[in-house]
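Undergrad: prediction below, plus the sequence it came from.
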There are 2 protein chains.
Amino acid sequence: MNKYMEEANNLARDNLKTKAGGPFGACVVKDGEIIGKGANHVLSANDPTAHAEIMAIRDACSKLNTYDLSDCEIYTTCYPCPMCLSAIIWANIKTVYYGNTKHDAENIGFRDDFIYDFIFDLKSNDGDNNVLKLTKMDRDETIKVFDEYKNSDDNEIY
Amino acid sequence: MNKYMEEANNLARDNLKTKAGGPFGACVVKDGEIIGKGANHVLSANDPTAHAEIMAIRDACSKLNTYDLSDCEIYTTCYPCPMCLSAIIWANIKTVYYGNTKHDAENIGFRDDFIYDFIFDLKSNDGDNNVLKLTKMDRDETIKVFDEYKNSDDNEIY
């Protein structure tokens, strides 16, 4: 077994005992070294965003003191949910190794597939559905902050 | 202007001065009361996941001591990126009010639209693209943890 995936899998297996969250683990690797680890802590942290990949990314960023993980890879025991997949892209990671599929996650009771399908549907059906009601409001005011940002000349884009 | 959107917009505007991150703000509301606030802190926290909605959800969960925000609404100054949209669904929030659109975010330099398009493409093109290389690995080992989880009878599904 790949040694980084094995570490991620050990983190996932630990959760079977600790019940900190679902059976998911991940680690971020840079230049062959594990620089971030995470297991799902949704239950123990009372944080719905505390998925393994998010935790591993936050751990790596904290260690490297940067929000940019361009030169890193991530190993995760399950295909990332859309939240984690997007977090991986925001972190500029370009290589993902995963073990179980999102269908495997669905089979043990998680909504990964459901959320993917929801987002796929948004392409043709923007915000009109039974899962989540998205309503536009007060753009005439909120756009002013964006305009002010755009007109500033010292913005750092991430 | 809606008072909750105004609070979110004030949080976004604060970022123009603090440069803690992009010009985005959000708040979580329960029974008419703001119980979670967040502004984008990607730069100040060196955390690519520290978007306004994620911060507001984590703040609300911390205050309410739960990972379940079923009875809450979220007000955000910009249409949520796929990471935040998925976080909102994981948190069981069902009502989202937003100000600016994801095209507005693209116009000031953010990749929200790009990430949505990337995920839309995954529907027909699973992991074969230039943005992110997703490679399956060692499922024969990682699936064992899922099987063990499935066979346990005291799992809390979130």
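TA: Now that the structure is in, tell me what you want to look at.
Undergrad: quick one: low-confidence ranges for chain A?
TA: Within chain A, the stretches with pLDDT under 70 are A:126-129.
Undergrad: in it, which residue is most central in space?
TA: Central residue of chain A (C-alpha atoms, centre = their mean): residue A:84, 1.6 Å from the mean position.
Undergrad: all strands of chain A, in order?
TA: Counting by DSSP state E, chain A has strands at residues A:25-30, A:33-39, A:72-78, A:95-100, A:133-136.
Undergrad: rebuild the ones you listed as CSV, extending it with mean neighbour count and distance to chain B.
TA: The C-beta positions use only the backbone N, C-alpha and C, and glycine is treated the same way. Converted to CSV, those look like this (neighbours: other C-beta atoms under 10 Å in any protein chain shown; distance: least, C-beta to the nearest C-beta, whole Å):
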stretch, mean neighbour count, distance to chain B
strand A:25-30, 28, 8
strand A:33-39, 20, 11
strand A:72-78, 29, 4
strand A:95-100, 23, 3
strand A:133-136, 14, 5
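Undergrad: does residue A:59 touch residue A:41 like I think?
TA: No. The pair residue A:59 / residue A:41 is not scored as a contact, 11.3 Å apart, by C-beta atoms under 8 Å.
Undergrad: those two: who's more crowded?
TA: residue A:41 (22 against 18; other C-beta atoms under 10 Å in any protein chain shown).
Undergrad: next, find the distance separating the more buried one from chain B.
TA: As defined by C-beta to the nearest C-beta, to the nearest Å, residue A:41 lies at a distance of 10 Å from chain B.
Undergrad: name the nearest residue to that residue, sequence neighbours excluded.
TA: residue A:50 (4.1 Å; C-beta to C-beta, 6 or more residues apart in numbering or on different chains).
Undergrad: same thing with residue A:81?
TA: Residue A:81 sits nearest to residue A:112 (C-beta to C-beta, 6+ apart), 4.4 Å away.
Undergrad: with residue A:76 instead?
TA: residue A:26 (4.0 Å).
Undergrad: ramachandran coordinates for residue A:80?
TA: Dihedral angles of residue A:80 (phi, psi; degrees, to the nearest 10) stand at phi -60, psi 140.
Undergrad: could you tell me how many residues sit around it?
TA: Residue A:80: 26 neighbours (other C-beta under 10 Å).
Undergrad: surely residue A:137 meets residue B:97?
TA: Yes. With contacts counted by C-beta under 8 Å, residue A:137 reaches residue B:97, the gap being 4.7 Å.
Undergrad: who does the longest helix seen in chain A touch, helix- and strand-wise?
TA: Counting by DSSP state H, the longest helix found in chain A is helix A:3-18. Helices and strands touching helix A:3-18, as assessed by 3 or more C-beta pairs under 8 Å, 6 or more residues apart in numbering or on different chains; DSSP states H and E, comprise strand A:25-30, strand A:33-39, helix A:52-64, strand A:72-78, strand A:95-100, helix B:139-151.
Undergrad: how about CSV for the ones you listed, with distance to residue B:18 added?
TA: Output for the helices and strands packed on helix A:3-18, formatted as CSV (distance: least, C-beta to C-beta, whole Å):
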stretch, distance to residue B:18
strand A:25-30, 28
strand A:33-39, 26
helix A:52-64, 19
strand A:72-78, 28
strand A:95-100, 33
helix B:139-151, 42
